[in-house]
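Enquirer: Sequence and predicted structure are below.
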Amino acid sequence: MSEAAVKLHYDIDAEDFTTAGEASSGVKKTLTRLGAEPDVIKRVAIAMYEAEINAVIHGGGGAADVEITPEKVTVVISDQGPGIPDLDKAMTPGWSTATNLVREMGFGAGMGLPNMKRYTDEMYVESEVGVGTKVTLIVNMKR
Amino acid sequence: MLKLSEIVKILDAQVLTGEENMDLEIYSGCGADLMSDVMAFVKESVILCTGLVNPQVVRTAEMMDIKVLCFVRGKVPGDQVIELAKEKGITIIATQHPLFICCGMLYSNGIKGRGVWN
């Protein structure tokens, strides 16, 4: 892998289930091309995909900024949605505020944030009610 | 272990895309309609049996490196789903059997591997 950092930016469309996942798919492809370890690629892809879906279903769309260095992959997903009133609850496996429509799409299992935590080395959630949410996901290239 | 071609026969399934992949060997399976559960629990290449037929199933399979999807209960996906699967190299088969029966048939025919984290 080259020493220079690779930076990627994606816009995440609001409530568009058809294209949701495009950003994560793009990052997965880039990491594969750069020769990252399969385990790293999978963990980044899953965690980012969960965050991307959250931005679509809860955040009213947003943006993804990704930085890839020889040391780590940093994914920042931000939205200007309603924010998370109780982060502890949101981190509880099974807890969900998703609508029935979202459940019909196969999401709302209440595993989104717990999955992001599980597959990353570091995770930070900054959220303010009425302002938005920013999730930072970091996966180290080597364990 | 079962070859995909055997699975197609056992489930009396239709191959919607990926006819060229019938020699794939499948060791474990997973049945779920909630994609975050798939992402929480599935650990390796499995056949994912699901009643959900939207593009997000294909996306989830892509992220998880799942190569084969089986749509149950006679669900028919839209062209968009088939196209996306083609693009991602994911095979889709479809059966009339409900999820429980589908999983039972695969299990009793030799797919007993735990596709999930212990």
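Expert: Arrived safely. Numbers count the residues shown, from 1 in each chain, chains lettered A, B, ... in the order given.

Enquirer: just the helices in chain B please.
Expert: Shown for chain B, the helices assigned by DSSP state H span residues B:4-10, B:35-41, B:55-64, B:79-88, B:99-108.

Enquirer: and these as JSON lines, adding mean neighbour count?
Expert: To be clear about C-beta, it is placed using only N, CA and C from the backbone, and glycine gets the same treatment. Listed next are the helices of chain B as JSON lines, based on neighbours: other Cβ atoms under 10 Å in any protein chain shown:
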{"stretch": "helix B:4-10", "mean neighbour count": "18"}
{"stretch": "helix B:35-41", "mean neighbour count": "23"}
{"stretch": "helix B:55-64", "mean neighbour count": "24"}
{"stretch": "helix B:79-88", "mean neighbour count": "16"}
{"stretch": "helix B:99-108", "mean neighbour count": "16"}
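
Enquirer: Identify whichever of the ones you listed lies nearest to residue A:37.
Expert: Nearest to residue A:37, of all the helices of chain B, is helix B:55-64, at 15.7 Å by Cβ to Cβ.

Enquirer: Tell me how far that closest one lies from the chain's centre.
Expert: 11 Å (Cα atoms, centre = their mean, to the nearest Å).

Enquirer: Residue A:12: how many residues sit nearby?
Expert: By other Cβ atoms under 10 Å in any protein chain shown, the residues close to residue A:12 number 26.

Enquirer: In the helix-or-strand element of chain A with minimal mean pLDDT, which residues are buried?
Expert: Taking mean pLDDT, DSSP states H and E as the measure, chain A has helix A:100-104 as its least confident helix or strand, at a mean of 83. In terms of neighbour count (16 or more other Cβ atoms under 10 Å in any protein chain shown), helix A:100-104 has its buried residues at residue A:102.

Enquirer: picking that back up, identify whichever of the helices of chain B lies nearest to residue A:120.
Expert: helix B:35-41 (12.9 Å).

Enquirer: and the gap between residue A:30 and chain B?
Expert: Residue A:30 is 14 Å from chain B, where distance means Cβ to the nearest Cβ, to the nearest Å.

Enquirer: quick one: which helix or strand includes that residue?
Expert: For residue A:30, the element it lies in under DSSP states H and E is helix A:22-34.

Enquirer: any idea of the mean pLDDT in the very next helix or strand once past that helix?
Expert: Sequence-wise, the next helix or strand downstream of helix A:22-34 (DSSP H and E) is helix A:38-57. Per-residue pLDDT over helix A:38-57 has a mean of 93.

Enquirer: Kindly report the same for stretch B:84-98.
Expert: For stretch B:84-98, the mean pLDDT works out to 97.

Enquirer: Export that stretch to CSV, keeping only CA atoms.
Expert: The C-alpha trace of stretch B:84-98 is given here as CSV (Å, rounded to 0.1, in the frame of the first residue of the first chain):
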residue,chain,number,x,y,z
LEU,B,84,-27.6,-5.7,-9.0
ALA,B,85,-26.9,-9.3,-8.1
LYS,B,86,-25.5,-9.9,-11.6
GLU,B,87,-23.2,-6.9,-11.2
LYS,B,88,-22.0,-8.1,-7.8
GLY,B,89,-21.5,-11.8,-8.9
ILE,B,90,-24.1,-13.1,-6.5
THR,B,91,-26.2,-16.1,-7.4
ILE,B,92,-30.0,-15.9,-6.7
ILE,B,93,-32.3,-18.9,-6.5
ALA,B,94,-36.0,-18.9,-5.6
THR,B,95,-38.3,-21.5,-4.0
GLN,B,96,-41.9,-21.8,-3.1
HIS,B,97,-41.1,-23.3,0.3
PRO,B,98,-41.4,-21.2,3.4
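
Enquirer: Tell me which residues are up against it.
Expert: Surrounding stretch B:84-98, the residues in contact under the criterion Cβ atoms under 8 Å, 6 or more residues apart in numbering or on different chains are B:4, B:7-8, B:11-18, B:21, B:24, B:55, B:58-59, B:61-62, B:66-77, B:81-82, B:102, B:105.
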